[in-house]
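Undergrad: Provided below are the primary sequence and the corresponding predicted coordinates.
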Amino acid sequence: MHAILDADYLCHLGFVRDGAPVVLPTLYARVGERLYVHGSTGSRPLRGAGEDTGLAVCLTVTHVDGLVLARSAIHHSVNYRCVVVHGVARQVTDPAERSAALDALIDHIVPGRAADSRPANARELAATAVVALDLHEVSAKVRTGGPNDDPEDLALPHWTGVLPVTRTYGEPVPADGLDPSITAPGYLTER
């Protein structure tokens, strides 16, 4: 489960608000047996994750590794790795834990970036909420392998197999107005 969580940084956070399910994409980082997500102090899930009561959530992370193409349309599938975490998210109010969590979020997305950027100032920190979700109730599901064609379809003249899916990063694009003498750091160009 740790390997699946550590291989990505985008999750979907689900919760119930006003009797209706809500699912939001957000960034996360794992530190030990805890996940951290952050956002605006005005966002509904972060407001609802009060320190005393917390917020019941379901957080999912899914990696698509390949499209499984069978001879029959009904047997098409996807190779994937998925983690589902259920629990009660709580706001992180301890300044040291918040700071460590925010650094972990930045470094989980781009390793080395937290030390290579200005930390949040007091105004930015006041507008940023961080919630923690302990990894107590966690499950993983993985699908690998090729298609499961029916025996009677094996002679059909249709291509069958797996089309691998991978994420790649392009060349860093500098922001408008960046001093041309400032080049992209190695942690961006040596991926």
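TA: Arrived safely, thanks for sending. Quick caveat, the model's predicted, so the values are computed rather than measured.
Undergrad: is the closest residue in space to Leu156 that isn't next to it in sequence in a helix, a strand, or coil?
TA: Of all residues not flanking Leu156 in the chain, Arg71 sits nearest, at 4.6 Å (CB to CB, 6 or more residues apart in numbering). Yep, even glycine has a C-beta here, placed from its N, CA and C like the rest. Recorded secondary structure, Arg71: coil (DSSP: H, G, I helix; E, B strand; the rest coil).
Undergrad: cool, and the one 10 residues further on?
TA: What three-state DSSP gives for Arg81 is strand.
Undergrad: ok, which stretches of the protein are helices?
TA: For the chain, applying DSSP state H gives helices covering 2-6, 44-48, 95-109, 122-126, 186-189.
Undergrad: and the first one, how far out from the chain middle?
TA: In this case it means helix 2-6. Distance of helix 2-6 from the chain centroid (CA atoms, centre = their mean, to the nearest Å) equals 10 Å.
Undergrad: and that helix, which residues are buried?
TA: Going by neighbour count (16 or more other CB atoms under 10 Å), the buried part of helix 2-6 is 4-5.
Undergrad: that one packs against which elements?
TA: In this structure, helix 2-6 packs against strand 20-31, strand 55-69, strand 77-91, with contacts taken as 3 or more CB pairs under 8 Å, 6 or more residues apart in numbering; DSSP states H and E.
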